[in-house]
Every structure is written in C-alpha cells, then in structure tokens.
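Participant: Predicted coordinates and the sequence they were generated for:
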Amino acid sequence: MDNTKTKASLLLIYTGGTIGMKQDPTDLTLKPFNFGQILEEVPELAKFAYRIDSCSFDPIIDSSDIEPSSWQALARLIYGRYDDYDGFIVLHGTDTMSYSASALSFMLEGLTKPVIFTGSQLPIGVPRTDGKENLISAVEIAAEKDGEGHARVPEVCICFDNMLMRGNRTTKVHADNFRAFRSENCPPLAEAGIHIRYNDALIRKPADWNRRPALHTELDTRVSILKIHPGITPQVVQDILCGSDTRAVILETYGSGNAPSKPWFLDLIRRAADMGKILLNVTQCLAGSVDMDIYANGKALKEAGVESGFDSTTESALGKLFCLMGETPDNAEVKKLMRLNLRGEISK
Ligand code: ASP
C-alpha cells in the first residue's frame, strides 16, 4: 500500500476533453490549459511523491473528433515509453472514452502495467469539478503495486466517479451526471471509498510479467453498425449490410439477440453472409447477453449466418473487429477469434 516507498513513475497523457479546461477570467469561456501546469492545478498530486511526467496530444481534441489514428498514436506512445514508467494515465473526453479504452485494450496485448483512462464532466478549473477526484484516484491506482511488486491492475481501465472499470466493458450512459459510465456485465475492478478496494480475483494478469506487451496498430475500419428498430426499411438494411466497403457489420439487436423475421430481412442477412461478411450480433440492452437459441427470431439470425457477440458492448465489438481484421484478411479466422474472450471483454 505504501507507494511512496517505490517512488512510482507515471506518464500522464492529455488528449483533450472537458477535464483539461479552465475558465478564462477575462471572457469566462472554457479553454484548454497547458498540462505542463497540472501539478499546479491539482496540488494534491504532489502529496503522493510519485514522479509524474506529462505530455499532450497536439492539437488536443474534443473526443468526438477521435479517430483510429488517434488510437494508433496513443498505443505507439505508450509502447514507446513503456519501460520508463510504472503506469499510464490517459486524460480523455468522456464522449468516446469507452471506444478508445476498448480499442486500446485490444491494441496492447499482455499488459504488465496499468493504462487508466479518466476525464470529467466538469472542467478541472471549476470549483465543483469531478476531474480532481477522478484524476487523483486514477493516479493512485496506476501506481499501486501488489505484494510482489507487480502492478495491481495491469489492464486498460476507466476510472470515473470512484469506480474502476475494465475499459472494454464500459459504456457512457449519462450526458451530465458524474456517474457517466457503467459496466453492467462486469463488476468494477476496484471501488474508491475511504480505501480503494480492489477486486483482485477479477483483475487479469499477464502470462509473463517480464515480457513486453505486443503492439497491434494495424486496424481495418471497414465495420458498420446496424441498429435494428421498428420500421427499418429494406433499403437501409441493404445499404448497410451489403455495402461494398463493409467487411463486418455489428447488428444491434433487441433483447437477447432478436431481429425481425420478415423474409426480406433474413434474405438480406443471408446475402451479406454469402458475400463473406462478418455479421456480429450485439444486444441493444445495457446488460445481459445475446443468446440466439432462445427465440425463433434469434435462431433464424443464427441460421442465416450471424455470429453471437455474447455480452459484448458495441464499443468493444468495434475495437475488437478493427484490431482482428487489421491482423488478418481471413474472415473465418476473425470470426473464430471474435468468439474468444481475449481481454476480458466477454463473459466466457
Ligand atoms: N465533448 C467532450 C469530449 O468528449 C465531453 C467531455 O469531455 O466530457 O471531449
């Protein structure tokens, strides 16, 4: 527990988002501030006696502008500085934080150190900000070691509102509440109260603590998302399922993986499957899992060539597909790997 003994060294990577803004006293607008001054803004961090270096994306971005190229830059940055630090904290806008944390979890394989994403709903320069608490908890968790001197949480996580969640299990669920993220299908990895209580049994450990992680930066982004809804038209379904630039489609279905059983719909599914596309079934529900054996409508999807995404979030399915498709042109191989639990992203 006594991290001051180990003098942990951490790298704080600022990508943008609300957390790094401060009210300009002259025109009262929110503006990004220089993160070189982070210790001045959050003097509490100095009490940890960690070495905290910081670096910033240039330009910093609202996370709604995040792109796969940003994930590649982030993954390369962490990989390139991996040996210099005990842990990494990524300050990121909340809007796409779950997408980024999911993608990074697949791009960095075999982590032996924490990569903790955090941000805030209110800027750090505002008196009632949630940013300081989020950042302080993220820093403490990123530096935490177990009894053998290994990182306590060698995973890509999101630390928000006193909860540490596996990044690829999260979804942003609230636009303005401090509890902005949920991880409904996986309990928190830690909860910060008076003490930070770790759920050690759930935290994933690398096969070999002495091996550097493998870096996967080749991403194939030819994935579309089809959200099923009453009234969806054949033309829309055809455009998304059978588009020539789409290699995989995530179907966001109802409940335990159901969709319309109308002949035109199933015909289009079969057509896309015959074209060799990867069709992945993920539920629109916040919690629970796809099971295409429960209802006739689900079974019809399975028989038409749709793969189960189990209890994956859409964000995680997207990052996993990008990454696996970037590794191989073989769709059968991608489908096989999609069924496996690679980074704790599905309950299997
Ligand atoms: N639009 C902001 C972003 O995601 C919101 C936030 O940071 O909370 O960058």
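Facilitator: Right, received. Where do you want to start? Numbers count the residues shown, from 1 in each chain.

Participant: Surely L301 is in a helix?
Facilitator: Yes - the assignment for L301 is a helix, going by DSSP: H, G, I helix; E, B strand; the rest coil.

Participant: and it, how many neighbours?
Facilitator: When neighbours are defined as other Cβ atoms under 10 Å, L301 has 26 of them. Bear in mind the C-beta positions are built from the backbone N, C-alpha and C, glycine included.

Participant: List the contacts of it.
Facilitator: Applying Cβ atoms under 8 Å, 6 or more residues apart in numbering to L301 gives the contacts 251, 253, 257-259, 266, 269, 281, 292.

Participant: could you measure E218 against the ligand, distance?
Facilitator: Counting by Cβ to the nearest ligand atom, to the nearest Å, the gap from E218 to the ligand is 26 Å.

Participant: Same question for W209.
Facilitator: W209 is 34 Å from the ligand, by Cβ to the nearest ligand atom.

Participant: I'd say that residue and K113 touch.
Facilitator: No - counting by Cβ atoms under 8 Å, W209 does not reach K113; the two are 10.0 Å apart.

Participant: The two: which has the busier surroundings?
Facilitator: Per other Cβ under 10 Å, whichever of W209 and K113 has more neighbours is K113, with 23 against 14.

Participant: can you confirm the more buried one is in a strand?
Facilitator: No - in this structure, K113 is coil, not part of a strand, as judged by three-state DSSP.

Participant: ok, so of the contacts of L301, who is nearest the ligand?
Facilitator: Comparing those against the ligand with Cβ to the nearest ligand atom places L251 closest, at 26.4 Å.

Participant: If that closest one is in a bridge, with which residues?
Facilitator: Counting by DSSP bridges, L251 forms beta bridges with L226, N281.

Participant: what about the chain, any weak spots by pLDDT?
Facilitator: By pLDDT under 70, the low-scoring segments of the chain are 1-6, 36-39.

Participant: Now do the helices in it.
Facilitator: Under the criterion DSSP state H, the chain contains helices at 3-6, 38-41, 68-80, 97-107, 131-143, 234-242, 263-274, 296-304, 314-327, 331-338.

Participant: tally of neighbours for the closest residue in space to G326 that isn't next to it in sequence?
Facilitator: Excluding its sequence neighbours, the residue lying closest to G326 (Cβ to Cβ, 6 or more residues apart in numbering) is E218, at 3.7 Å. By other Cβ under 10 Å, the residues close to E218 number 13.
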